[in-house]
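Trainee: turn this into a model:
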Amino acid sequence: MNIFTIIAGFLTGIAASMGLGGGFVLIIYLTVFAETAQMRAGGINLLFFLPIALIAMFIHTKNKLIEWKLIAPICIAGAFGVGIGMLLLGFLNEELLQKLFAGLLVFVGIRELFHKKKAENA
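Mentor: Residues are numbered from 1 along each chain as shown. Coordinates of the predicted model:
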């Protein structure tokens with residue numbers, strides 16, 4: 001493990017805990033700089049997400065930012081989505097998966113550039 005891996009993990013953790021898309025950063029680092037296969041990088045990202053999610057949940061609970069009545073439906077929908085995603089992965093090769101991920105990054109980037117934040121009622 002080199003210093004760049006440690007720095008990438010640290011920065012990804014900070015971004016992920018703030019909800020800023022740390023997973024995108026981690027997958028890009030793993031696939032481009034660490035030359036990890038896309039599927040393996042996705043799996044590492046999922047494992048990485050678990051402790052970060054627990055820490056973020058603790059902080060958000062402390063700040064009363066979690067709507068607990070929504071947890072069960074969101075978890076059920078998420079589990080269903082994971083199942084569908086795993087089935088679809090059986091039909092995708094590595095190259096197509098990389099292109100789909102790159103397309104998603106471009107889409108999200110463009111959307112964020114032109115997205116106008118709605119004013120919140122205080």
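
Trainee: burial of residue 16, as a residue count?
Mentor: Around residue 16 sit 23 other residues, with neighbours defined as other Cβ atoms under 10 Å. For the C-beta atoms, the positions are set from N, CA and C on the backbone; glycine is no exception.

Trainee: please report the distance of it from residue 90.
Mentor: Here the criterion is Cβ to Cβ, to the nearest Å. By it, residue 16 lies 27 Å from residue 90.

Trainee: mind listing what's buried in the biggest helix by length in the chain?
Mentor: Using DSSP state H to define each element, the chain has its longest helix at helix 38-62. Within helix 38-62, the residues that count as buried by 16 or more other Cβ atoms under 10 Å are 38, 41-42, 45, 48-49, 52, 56.

Trainee: what segments of this protein are helices?
Mentor: Taking DSSP H as the criterion, the chain carries its helices at 3-17, 22-28, 38-62, 71-89, 94-114.

Trainee: let me have those in a markdown table, extended by mean pLDDT.
Mentor: Shown next, in a markdown table, are the helices of the chain (pLDDT from 0 to 100):
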| stretch | mean pLDDT |
| --- | --- |
| helix 3-17 | 80 |
| helix 22-28 | 80 |
| helix 38-62 | 85 |
| helix 71-89 | 89 |
| helix 94-114 | 86 |
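
Trainee: deepest-packed of the ones you listed, please.
Mentor: Of the helices of the chain, the one with the most neighbours on average (mean count of other Cβ atoms under 10 Å) is helix 22-28, at a mean of 20.

Trainee: same for it, what does it pack against?
Mentor: Helix 22-28 is packed against helix 3-17, helix 38-62, helix 94-114, with contacts defined by 3 or more Cβ pairs under 8 Å, 6 or more residues apart in numbering; DSSP states H and E.
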